[in-house]
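K.L.:
Predicted model follows, preceded by the sequence.
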Amino acid sequence: MAAPFWFDRALTTPSESAEVEVDGVAIHFETWGEIGEPGIALIHGSNAHLEWWRFVAPFLADQFRVVALDSSGNGDSGWRKRYSGEILAREVQAVCDAAELGENPIIAGHSFGGFIALETGHYYGADLAGVIFLDFTVAPTEQYLEWGMRSEREGVKPNRQTRVYEDKREALQRFRYLPEQPVIHPEVRDYIATKSLRQVEGGWTWKFDPGLFDHLEMGIDQLSKFAGLECRSAVILGEDSADEGAFFADHMLQITNGKLPVLKIPGTYHHLMFDEPLAVAMAIKALCLNWVREDGAAATQQRHSKILTAHTN
């Protein structure tokens, strides 16, 4: 079966790679679209990389300046001895500046990237147009479970290494979505798997740092951080997602008096950008264009008033 039309179009859409140093670590990112357009920053989940957005970003770039980054400990960015929500948010802010996203960019984060988006909103919300959480929700305090602090909670040893495979084909065959889900587009799965490997002495290994969650505390204060955001927010969910971190959109709706935009993409799972990338891109675009319109409403009204005055005179 032939790949869908958007697969080749996404791979052939021009983009540029660059990096910026944040607290001594090189952070790799990729940009699409023209400088001067409204900005969108895309954040991947855990054990992932910016290529998670390869089939979404090009379809935003006709109206936005788009950047996707490899958070430290992932993809082609450097690793840290310890990670924190604050430093991961600082990476996003630095990438937005380096990518020239302009004033008040919009941040969109998937899964663990939703946590990073929340942290970015917490620290920099006054300078953002909004935050979009993709298959990430904030749990009620009494139901919160800490994902991080593995060294303290589970006694795992630091400085672990990912497995090295002598044969690249064997490594690719081991690649899985977490949580596991149907593979709707095998060509996407194969592309992402290939981009998830790096060559090392003795063979091939995964790009992610297995120690990312050893000391990182995601924090029981996520609810208060969400409630205190100084920017708009929205949620996009996979309709059939089995990820436990995506089960609390109703709670988020409740604490926002039913005003939080919550969209479900039909027929998608946790990795919704692999299942229906065009639907995900259009959902993001619709939210962002509305926020841009809201922010420009006063200027638009003033311009219309001037035109009306000129015509009546």
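P.N.:
Everything's here; your move. Residues are numbered from 1 along each chain as shown.

K.L.:
quick one: the strands in the stretch 1-150 of the chain?
P.N.:
16-22, 25-32, 39-43, 65-69, 106-110, 130-134 (DSSP state E, counting those that start in this stretch).

K.L.:
right, I mislabeled it, should have said the stretch 151-300 of the chain
P.N.:
197-200, 203-206, 232-238, 262-265.

K.L.:
elements contacting the first one?
P.N.:
If you count contacts as 3 or more Cβ pairs under 8 Å, 6 or more residues apart in numbering; DSSP states H and E, strand 197-200 packs onto helix 168-174, strand 203-206. The C-beta positions use only the backbone N, C-alpha and C, and glycine is treated the same way.

K.L.:
Return the most buried member of those.
P.N.:
Most buried of the helices and strands packed on strand 197-200, by mean neighbour count (mean count of other Cβ atoms under 10 Å): strand 203-206, with a mean of 18.

K.L.:
From the contact counts, what lies against that strand?
P.N.:
Using 3+ Cβ pairs under 8 Å, 6+ apart, strand 203-206 sits against helix 168-174, strand 197-200.

K.L.:
In TSV, list those along with distance to residue 218 and mean pLDDT.
P.N.:
Below are the helices and strands packed on strand 203-206 laid out as TSV (distance: least, Cβ to Cβ, whole Å; pLDDT from 0 to 100):
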stretch	distance to residue 218	mean pLDDT
helix 168-174	27	96
strand 197-200	26	96
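
K.L.:
so which of the strands of the stretch 151-300 of the chain comes closest to residue 174?
P.N.:
Nearest to residue 174, of all these, is strand 203-206, at 9.1 Å by Cβ to Cβ.

K.L.:
can you dump the C-alpha coordinates of the closest one into PDB?
P.N.:
Only the C-alpha atoms of strand 203-206 are listed here, as PDB (Å, rounded to 0.1, in the frame of the first residue of the first chain):
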ATOM      1  CA  GLY A 203      26.600  -1.000  17.300                       C
ATOM      2  CA  TRP A 204      23.400   1.000  17.700                       C
ATOM      3  CA  THR A 205      21.600   2.300  20.800                       C
ATOM      4  CA  TRP A 206      18.600   4.600  21.600                       C
END
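
K.L.:
who's in contact with it?
P.N.:
Contact with strand 203-206 is made by 47, 161-168, 171, 196-198, as judged by Cβ atoms under 8 Å, 6 or more residues apart in numbering.

K.L.:
if we can go back for a sec, ok, which of the strands of the stretch 151-300 of the chain comes nearest residue 66?
P.N.:
Nearest of these (Cβ to Cβ): strand 232-238, 16.1 Å.

K.L.:
Could you spell out the sheet neighbours of the closest one, each with its direction?
P.N.:
As defined by DSSP bridges, the strand partners of strand 232-238 come to strand 130-134 (parallel), strand 262-265 (parallel).

K.L.:
Turn the ones you listed into a markdown table, including mean pLDDT.
P.N.:
Shown next, in a markdown table, are the strands paired with strand 232-238 (pLDDT from 0 to 100):
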| stretch | mean pLDDT |
| --- | --- |
| strand 130-134 | 98 |
| strand 262-265 | 98 |
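
K.L.:
Single out the most deeply packed of the ones you listed.
P.N.:
When the strands paired with strand 232-238 are compared using mean count of other Cβ under 10 Å, strand 130-134 is most buried, at a mean of 28.

K.L.:
returning to what we had before: tell me which of the strands of the stretch 151-300 of the chain sits nearest to residue 11.
P.N.:
For these, proximity to residue 11 was assessed by Cβ to Cβ; strand 197-200 is nearest, at 17.8 Å.

K.L.:
ok, and what's touching that closest one?
P.N.:
So strand 197-200 is contacted by 164, 168, 171, 172, 204, 205, 206, 207 (Cβ under 8 Å, 6+ apart).

K.L.:
residues in contact with the third one?
P.N.:
Residue 171 makes contacts with 165, 197, 203, 204, 205, 206, as judged by Cβ under 8 Å, 6+ apart.

K.L.:
Setting the sequence-adjacent residues aside, check what's closest to it.
P.N.:
Using Cβ to Cβ, 6 or more residues apart in numbering and skipping residues adjacent in sequence, the residue nearest residue 171 is residue 165, 3.8 Å away.

K.L.:
Okay, and the beta partners of the one you found?
P.N.:
residue 204.

K.L.:
So it sits against residue 174, correct?
P.N.:
Yes: using Cβ atoms under 8 Å, residue 165 is in contact with residue 174, at 7.4 Å.

K.L.:
Now do the contacts for residue 20.
P.N.:
26, 27, 29, 94, 95, 97, 98.

K.L.:
Please identify which pair of those residues lies farthest apart.
P.N.:
Of all the pairs that these form, the one spanning the most space (Cβ to Cβ) is 26 and 97, at 15.3 Å.
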